[in-house]
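[1] Structure, please.
(chains A and B)
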2 protein chains.
Amino acid sequence: MRITALAGGVGGARFLRGLIAATAPSAGSEPAQITVVGNVGDDMTMHGLRICPDLDTVMYTLGDGIHEGQGWGRAGETFGVADELKEYGVGPDWFTLGDKDIATHLVRTQMLGAGYPLSAVTEALCTRWKLPVRLLPSTDERVETHVVIDDAEAPGGRRAVHFQEYWVRMHAPDARAVVSVGVEDSKPAPGVLAAIAEADVIVLPPSNPVVSIGTILQIPGMRQAVADAEAPVVGLSPIVGGGPVRGMADKVLEAVGVEVSAAAVAKHYGADLLDGWLVDVDADRAAVEEVEAAGIACRAVPLMMSSPEATQAMAQAALDLAGEIAARSARPAV
Amino acid sequence: MRITALAGGVGGARFLRGLIAATAPSAGSEPAQITVVGNVGDDMTMHGLRICPDLDTVMYTLGDGIHEGQGWGRAGETFGVADELKEYGVGPDWFTLGDKDIATHLVRTQMLGAGYPLSAVTEALCTRWKLPVRLLPSTDERVETHVVIDDAEAPGGRRAVHFQEYWVRMHAPDARAVVSVGVEDSKPAPGVLAAIAEADVIVLPPSNPVVSIGTILQIPGMRQAVADAEAPVVGLSPIVGGGPVRGMADKVLEAVGVEVSAAAVAKHYGADLLDGWLVDVDADRAAVEEVEAAGIACRAVPLMMSSPEATQAMAQAALDLAGEIAARSARPAV
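    This next block holds a predicted model:
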């Protein structure tokens, strides 16, 4: 079974662990080849280092190098470089790079500088981590998510900040718009379109539908490829009970004019893209009807990734729904 | 009193401490403005980071950040980044960058990438260290010292290696030649020629006469500027008793055809450049006559930097000899 997942950072990476567990030979399931198409909209350059937070969170998580407590960054991290950078008085004080993490960025920055595309760099980095999935950046081009916020002192009363500044530094104030800088000149990275076209199942984890999966889908050709894929496309709602499980999806959904609800996110993705949708069984059972009315198969299951077992069950529910959808479409029309 | 010193790495930095002590107000001496012209021939790029070992050794030493035991690198250094780079399997295993040190290189690399010349970068870095001297790179251009060694497998039986590889990795095998790559296209960094022309004393610390001070003097215009300077030029022999006090001066002196002796180094610098020379009182008293016969004033004093006091006394001896030479030249010829 070939599974292709579009993923953001912490939530996406955690879900992928569940997906790997659900498709492990020991789970009695058909062994799966999983391709992860990672978001690059959060990427930035700091201290001259090229940083890919979402790709790295997936890599560290699936490579068992993640700081389990915070969900991002490296376990056993140290901050020798960052402490010294502070002594030099350079760089922003709201983003601290760990030493282990810096090693990743040094390898990446040097390879990018030597002319390798991000996809080749990512593959080289992943070799060390022996990932049980193939991790592809959504694009080799630079696509950077900027968020438009109110700023009384800015001309016109608004200004755009890089997503990392919006989220990490400013803790997600109200947003007016989300802009993917450079996206119109980007294209899917090598292997991405094939992984979508050849998949048996396409999964949208409960990642941010605007700044993570939304940014991936904005890359020219990407949304159409997912919509045109033979495979069922099943997503999991990142909104539970009218709010994000983690992160700032509420703020960026409002910025793009989408209601903060499990059903509204499904309809935002659209029935042309999405074949199936999972909502939380406790908080959003009532959304099932609304989603199905929009032409998207919907099931209510537990959607809190509170344990590895719960996460695996979520992934299994997504695969089950995909199986249902595939079986239904294979059945001759009555 | 304005003192300009040409300096290499560990030995030069230690001597400069003595010079600072000798000219401190508490030493009863005239307060001095010291300009250090640092060697850049050891510089290299590793993991995409621009590294200036000699400039950094001077900066860390005079900024009280040096690892006192080894004479280079940072006190209290950690190796989080380097350990991770090893996990990625990248980079040479014979050169390990510490985390604190990497912060310096990140700032430097980013500033150089932004277009600042090395002299501006060095000034910015030194601001943090509150150096009691002005540290100037000898040149803003890239000048890299390569050493030609025997290699039976190389075409012609010889090959050139970067000085750091020669010294740190190979531990200084016999050398056939020393080449300063790029030196012919370099020029003294801003402020260097003025510091030489306006100095009251010019000092050549007991740094390597070939790969440290020799490389500085090879920069077009540099040797002539020192030779033409009004100030007395006084050097301290890095060779004591026929061998280098530290380092591999013996190997590189042989490579350039100079005998490994205190007198031969003085004559290698030449009477046109050098006005005074200090040799070790215990090992090289006999060299005084030979050096003086070559037209260079010579004194025999203790030349082992075995303690701060001993080093200060060496610096004082150099200043005293410079004073003698200045007084003599100011006296009307008989």
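
[2] contacts and neighbour counts: CA atoms only from here.
    Will do.

[3] residue boundaries of the strands in the stretch 201-334 of chain A?
    Using DSSP state E, counting those that start in this stretch, the strands found in the stretch 201-334 of chain A span residues A:201-204, A:233-236, A:239-240, A:243-244, A:276-280, A:297-301.

[4] just checking, what packs against the last one?
    Other elements packing on strand A:297-301 under the criterion 3 or more Cα pairs under 8 Å, 6 or more residues apart in numbering or on different chains; DSSP states H and E are strand A:276-280, helix A:287-293, helix A:308-330.

[5] if we go to 7 Å?
    With contacts taken as 3 or more Cα pairs under 7 Å, 6 or more residues apart in numbering or on different chains; DSSP states H and E, strand A:297-301 sits against strand A:276-280, helix A:287-293.

[6] need the ones you listed in JSON lines with distance to residue B:147 and mean pLDDT, can you?
    As requested, the helices and strands packed on strand A:297-301 are exported to JSON lines (distance: least, Cα to Cα, whole Å; pLDDT from 0 to 100):
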{"stretch": "strand A:276-280", "distance to residue B:147": "66", "mean pLDDT": "98"}
{"stretch": "helix A:287-293", "distance to residue B:147": "73", "mean pLDDT": "98"}
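
[7] Report the beta-bridge partner residues of residue A:51.
    Judged by DSSP bridges, the bridge partners of residue A:51 are residue A:44.

[8] confidence score at it?
    Residue A:51 carries a pLDDT value of 97.

[9] Show me which residues of the stretch 51-200 of chain A are close to chain B?
    Counting by Cα under 7 Å from any Cα of the partner chain, the positions of the stretch 51-200 of chain A adjacent to chain B are A:78, A:80-81, A:84-85, A:88, A:99-100, A:102-103, A:106-107, A:110, A:128.

[10] how many neighbours does residue A:296 have?
    Residue A:296 has 24 neighbours, counted by other Cα atoms under 10 Å in any protein chain shown.

[11] list the contacts for it?
    Taking Cα atoms under 7 Å, 6 or more residues apart in numbering or on different chains, we find residue A:296 in contact with A:271, A:274-277.

[12] one step back: just checking, which of the residues of the stretch 51-200 of chain A next to chain B belong to helices?
    Per DSSP state H, helices hold the following members of those: A:80-81, A:84-85, A:88, A:99-100, A:102-103, A:106-107, A:110, A:128.

[13] Could you give me the ChimeraX syntax to select whichever of these are buried?
    To isolate the buried members of these in ChimeraX, using 16 or more other Cα atoms under 10 Å in any protein chain shown:
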select /A:80,81,84,85,88,99,100,102,103,106,107,110
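
[14] Now render the ones in helices among the residues of the stretch 51-200 of chain A next to chain B as JSON lines, adding pLDDT and distance to residue A:306.
    Below are these laid out as JSON lines (pLDDT from 0 to 100; distance: Cα to Cα, whole Å):
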{"residue": "A:80", "pLDDT": "97", "distance to residue A:306": "33"}
{"residue": "A:81", "pLDDT": "97", "distance to residue A:306": "34"}
{"residue": "A:84", "pLDDT": "96", "distance to residue A:306": "37"}
{"residue": "A:85", "pLDDT": "96", "distance to residue A:306": "37"}
{"residue": "A:88", "pLDDT": "96", "distance to residue A:306": "41"}
{"residue": "A:99", "pLDDT": "98", "distance to residue A:306": "29"}
{"residue": "A:100", "pLDDT": "98", "distance to residue A:306": "27"}
{"residue": "A:102", "pLDDT": "98", "distance to residue A:306": "30"}
{"residue": "A:103", "pLDDT": "98", "distance to residue A:306": "31"}
{"residue": "A:106", "pLDDT": "97", "distance to residue A:306": "34"}
{"residue": "A:107", "pLDDT": "97", "distance to residue A:306": "34"}
{"residue": "A:110", "pLDDT": "96", "distance to residue A:306": "38"}
{"residue": "A:128", "pLDDT": "95", "distance to residue A:306": "29"}
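
[15] Who are the contact partners of the residue lying closest to residue A:292 once chain neighbours are set aside?
    The shortest distance from residue A:292 to any non-neighbouring residue, by Cα to Cα, 6 or more residues apart in numbering or on different chains, is to residue A:298 (5.9 Å). Residues near residue A:298 by Cα under 7 Å, 6+ apart: A:276-278, A:288, A:291-292.

[16] same thing but at 6 Å, please
    By Cα atoms under 6 Å, 6 or more residues apart in numbering or on different chains, the contact set of residue A:298 is A:276-278, A:288, A:292.

[17] do the same with residue A:105
    Here residue A:105 is in contact with A:49-51 (Cα under 6 Å, 6+ apart).

[18] Look at the residue nearest to residue A:274 when sequence neighbours are not counted and say how many residues are nearby.
    In space, and not counting its chain neighbours, residue A:274 is closest to residue A:233: 5.2 Å by Cα to Cα, 6+ apart. Applying other Cα under 10 Å, we find 31 residues neighbouring residue A:233.

[19] Is residue A:233 in contact with residue A:199, as I believe?
    No - shown here, residue A:233 and residue A:199 do not form a contact pair, counting by Cα atoms under 6 Å, at 9.8 Å.

[20] Most neighbours among the contacts of residue A:296, which one?
    Busiest of the contacts of residue A:296 [other Cα under 10 Å] is residue A:277, holding 28 neighbours.

[21] Spit out the contact partners of it.
    Contacts of residue A:277 (Cα under 6 Å, 6+ apart): A:234-236, A:298.

[22] could you redo those residues as JSON lines and give each row pLDDT?
    Converted to JSON lines, those look like this (pLDDT from 0 to 100):
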{"residue": "A:234", "pLDDT": "98"}
{"residue": "A:235", "pLDDT": "98"}
{"residue": "A:236", "pLDDT": "98"}
{"residue": "A:298", "pLDDT": "98"}
